[in-house]
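Student: have a look; sequence and predicted model below, questions after that.
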Amino acid sequence: MKELFFESIDSTNTYLKDHYEELEDFTFVRADLQTAGKGRSGRKWLSNKGENLMFSLLIKDKNLIEKFRQLSVESAYLVLKTLEKYGLQDLSIKWPNDVYVKGKKICGILLEAISREKIECLIIGIGINVNQSEFNGEYLIEPTSMKRELNRQIDLIELKDILFESLSSELVSDHYDKIKKYDYLKGKTVSCEINKEIKTITVIGIDEDYSLKVIAGGKETKLQSGEISFHIQGGL
């Protein structure tokens, strides 16, 4: 495991995209400030400097690359278990890439692949709201932070060390049986966009292949993360 730190950078994901060939497997890139941090669907990730934990992880291991469909959810689970150690309760995973506490977003994850003839590496970008107290602007989902929920300041370096160790040692494992009980969407009827078409679906839950099993148009089907985005009217 190797760690690179920047006080300010455009995007830790972008840095790894530009330098992945020269970096070793399981390189972590962390920054106090990302000026062009990214979320899913081209959204920006906004964060106050030095208050939150923002980093990206480079994956070159072929066995993990083959498991790319599950890595967002697995990463979310390991973040969730780390937050539990600090005393946070009512935590859940909103498939495929968010961690919620009491229905509010505390962590977002962005998984990207670099491909030529095949996938050469994966980049997992993770942002956790830690010591930020105020969130200005408009959000689809109300954000929260560890400080807001626990009413105390969190040591960012300690949190980083615990989470990096967890990702380094446990990302190779399959946690599906444990993940199921944290499934935020399970049993909910929500509005979403599937392949650019707005639909109402009922979520059965995260399937063992890490797709999302749903009922859409009266039929049971499975959705992959790139096919779907959720809408505010669904409360997500």
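Tutor: Arrived safely, thanks for sending. Numbering: from 1, shown residues only.
Student: any idea how the chain splits into domains?
Tutor: 2-182, 189-234 (automatic domain parsing).
Student: quick one: these as JSON lines, columns for mean pLDDT and mean neighbour count too.
Tutor: From N, CA and C alone the C-beta is placed, and that goes for glycine too. Shown next, in JSON lines, are those (pLDDT from 0 to 100; neighbours: other Cβ atoms under 10 Å):
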{"stretch": "domain 2-182", "mean pLDDT": "93", "mean neighbour count": "17"}
{"stretch": "domain 189-234", "mean pLDDT": "84", "mean neighbour count": "15"}
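Student: who touches Lys105 in this structure?
Tutor: Counting by Cβ atoms under 8 Å, 6 or more residues apart in numbering, Lys105 touches Lys94, Asp98, Val99, Asn129, Tyr139, Ile141, Glu142, Pro143, Thr144.
Student: try it again at 6 Å.
Tutor: Listed by Cβ atoms under 6 Å, 6 or more residues apart in numbering, the contact partners of Lys105 are Asp98, Ile141, Pro143.
Student: okay, and which of these map to helices?
Tutor: With helices defined by DSSP state H, no entry of the contacts of Lys105 lies inside them.
Student: just curious, which of the residues you listed is nearest to Met54?
Tutor: Ranked by distance to Met54 (Cβ to Cβ), the contacts of Lys105 are led by Pro143 at 13.9 Å.
Student: tell me the contacts of that closest one?
Tutor: Neighbours of Pro143 in contact, by Cβ under 6 Å, 6+ apart: Lys105, Asn129, Phe135.
Student: again with Arg30
Tutor: Per Cβ under 6 Å, 6+ apart, neighbours of Arg30: Phe5, Phe55.
Student: dump the helix or strand encompassing it to CSV, keeping only the CA atoms.
Tutor: Using DSSP states H and E, Arg30 falls within strand 27-34. C-alpha atoms of strand 27-34 as CSV (Å, rounded to 0.1, in the frame of the first residue of the first chain):
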residue,chain,number,x,y,z
THR,A,27,-2.0,3.3,-4.3
PHE,A,28,-4.1,5.7,-2.3
VAL,A,29,-4.3,9.4,-3.4
ARG,A,30,-5.7,11.8,-0.8
ALA,A,31,-6.3,15.5,-0.8
ASP,A,32,-7.4,18.2,1.6
LEU,A,33,-9.2,20.0,-1.3
GLN,A,34,-10.4,18.8,-4.7
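Student: so how far is that strand off the chain centroid?
Tutor: With Cα atoms, centre = their mean, to the nearest Å as the basis, strand 27-34 stands 15 Å off its chain's centre.
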